[in-house]
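Novice: Quick one, structure for this:
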Amino acid sequence: MNITELFARGGIAMWPLLFLSVLALGTIIDRIWFWSRILTKEREVSGRVLEAARREWAAASEIAQRANKLPMGRFLYSALSLETPDPEVFRLALETSADEELTVMRKGEKILEAVIALSPMLGLLGTVVGLINSLGSIELSDLASDSTSGTVLGIGEALISTAAGLVIAIVSLAFYRLFQGFVFGQAKVFRQSGSELELLYRQAWSAQERASEPVESQSAEMATSHEN
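Specialist: Presented below is the predicted three-dimensional model:
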């Protein structure tokens, strides 16, 4: 029995199951393509930006800008693109950008959740409909005869939709968990990189303020001497 025959014998529920399987397959392929492009490059971009930030902030901003096709590049550049912001503004820019990028990374999760929930239910519905059709043709006088063999075969075919629904749900669930793990891993990388960049910026901000304090005190002393 080939796939076409199985599909035909699975009943009416196989059509919505086919739609859900195509929907899930398209989402899975899209997410695999997305993650294959960024997983190996995110830490590299983060390391280069942080290393440059220890020497020159303009260079760090330029590196992050060149990597704007990657979530990590956009995340770091959101704060580095600001012109001498307050440290709190710097931190808020990182947090806001991280939320936006993680939302993009979760694209397709709702589709997979719907497929995981609906596929077994549709499979069961197809089985129930098949059982109703099979058992509805049985008469009491046929229970002890060989004429019920067709009914048994019909019951077996009715279970095809349940098996199909379970297969679709299991495969979708496996990839759903995999993609969630990728998102959690990226959230950890974002948090670590953002914290290191913020720390470097706060240190630079404090050093700049300390450097400007003597100039301000000298200006105040000169103003006081002129008044005297």
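Novice: Got phi/psi on the most centrally placed residue in the chain?
Specialist: Nearest to the mean C-alpha position of the chain, by Cα atoms, centre = their mean, lies Arg106 at 2.5 Å. As for Arg106, its main-chain torsions (degrees, to the nearest 10) stand at phi -90, psi 10.
Novice: which residue sits closest to it in space, ignoring its chain neighbours?
Specialist: The shortest distance from Arg106 to any non-neighbouring residue, by Cβ to Cβ, 6 or more residues apart in numbering, is to Val183 (5.9 Å). Glycine gets a C-beta too; all of them are placed from N, C-alpha and C.
Novice: That neighbour and Ile116, how far apart?
Specialist: 17 Å (Cβ to Cβ, to the nearest Å).
Novice: more crowded one of these two?
Specialist: Ile116 (20 against 15; other Cβ atoms under 10 Å).
Novice: For that one, give me the pLDDT.
Specialist: At Ile116 the predicted local distance difference test score is 97.
Novice: With Ile160 instead?
Specialist: At Ile160 the predicted local confidence, pLDDT, stands at 86.
Novice: mind listing what it touches?
Specialist: The neighbours of Ile160, taking Cβ atoms under 8 Å, 6 or more residues apart in numbering as the test, are 6, 9-11, 14, 126.
Novice: Check which helix or strand it maps to.
Specialist: Assigned by DSSP states H and E, Ile160 belongs to helix 149-227.
Novice: Let me see the contact set for the residue nearest to Arg106.
Specialist: Here Val183 is in contact with 102, 105-106 (Cβ under 8 Å, 6+ apart).
Novice: Make CSV from the residues you listed and add distance to Tyr176 to it.
Specialist: Below are those laid out as CSV (distance: Cβ to Cβ, whole Å):
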residue, distance to Tyr176
Leu102, 16
Met105, 13
Arg106, 11
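Novice: Export the residues you listed as CSV, with columns for pLDDT.
Specialist: Rendered in CSV, the data for the contacts of Val183 read as follows (pLDDT from 0 to 100):
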residue, pLDDT
Leu102, 94
Met105, 94
Arg106, 95
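Novice: Report the secondary structure state of the residue nearest to Ala13 when sequence neighbours are not counted.
Specialist: The spatially closest residue to Ala13, leaving aside those adjacent along the chain, is Gly126, at 2.6 Å (Cβ to Cβ, 6+ apart). At Gly126 the chain is in helix, as set by DSSP: H, G, I helix; E, B strand; the rest coil.
Novice: Quick check: Gly126 vs Arg9, distance?
Specialist: Distance, Gly126 to Arg9, using Cβ to Cβ: 11 Å.
Novice: Please identify which of these two sits among more neighbours.
Specialist: When Gly126 and Arg9 are compared on other Cβ under 10 Å, the one with more neighbours turns out to be Gly126, at 25 against 17.
Novice: What residues sit buried inside the helix or strand bottoming out on mean pLDDT in the chain?
Specialist: Of all regular secondary-structure elements in the chain, judged by mean pLDDT, DSSP states H and E, the least confident is helix 3-9 with a mean of 74. The neighbour-count criterion (16 or more other Cβ atoms under 10 Å) identifies 7, 9 as the buried residues of helix 3-9.
Novice: ok now do Ser97, which residues does it touch?
Specialist: Shown here is Ser97, whose contacts under the criterion Cβ under 8 Å, 6+ apart are 74-75, 78-79.
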